[in-house]
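Novice: Got a sequence here, can you model it:
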Amino acid sequence: MYLANTEIRKAAKAANISLWEIALKLGISEPTMTRKMRCELSEEEKKKVLTIINELHTERLNAVVERMKEEGVVNK
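Specialist: Modelled structure (predicted):
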């Protein structure tokens, strides 16, 4: 069975980002995001979603680093 938007699905899974988080950033509901993922997105939409995934992943990594600094695990 073919799944549309495989690149997005793989990127989101690798970054541990849920579709609802992407939807929130796009300003749409989770069901709308799920429906959009059923058919291949345009290149412009793909780029936008991949950018959001990267931003969310970066935000999470930065939060972890900050927490580690606060706990003294890494130097400030």
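
Novice: Look at stretch 11-25 and report the distance between its end residues.
Specialist: 16 Å (Cα to Cα, to the nearest Å).

Novice: End to end on stretch 18-36, go ahead and measure it.
Specialist: Stretch 18-36: ends 14 Å apart by Cα to Cα.

Novice: For it, give the mean pLDDT please.
Specialist: The average pLDDT for stretch 18-36 rounds to 97.

Novice: Mind listing what's buried along it?
Specialist: 19, 21-23, 25, 33, 36 (16 or more other Cβ atoms under 10 Å). (Each C-beta comes from the backbone N, C-alpha and C, glycine too.)

Novice: give me the element the residue positioned nearest the centre of the chain is part of.
Specialist: The C-alpha lying nearest the average C-alpha coordinate of the chain belongs to I53 (Cα atoms, centre = their mean; 2.8 Å). Counting by DSSP states H and E, the element that carries I53 is helix 43-70.

Novice: and that helix, how far from the chain's centre?
Specialist: The gap between where helix 43-70 is centred and where its chain is centred comes out at 7 Å by Cα atoms, centre = their mean, to the nearest Å.

Novice: With stretch 65-76 instead?
Specialist: Its chain's C-alpha centre and that of stretch 65-76 lie 25 Å apart, by Cα atoms, centre = their mean.

Novice: Farthest pair within the buried residues of stretch 18-36?
Specialist: Greatest spacing in the buried residues of stretch 18-36, by Cβ to Cβ: E21 and K36 (14.5 Å).

Novice: any idea how far the residue nearest to the centre of the chain lies from M1?
Specialist: In this view, I53 and M1 are 23 Å apart by Cβ to Cβ, to the nearest Å.

Novice: OK, contacts around the residue nearest to the centre of the chain?
Specialist: The contact partners of I53, by Cβ atoms under 8 Å, 6 or more residues apart in numbering, come to 8, 11-12, 15, 17, 22.

Novice: hmm, try it at 7 Å
Specialist: 11-12, 15, 17, 22 (Cβ atoms under 7 Å, 6 or more residues apart in numbering).

Novice: Not counting residues beside it along the chain, what's closest to R9?
Specialist: L3 (6.5 Å; Cβ to Cβ, 6 or more residues apart in numbering).
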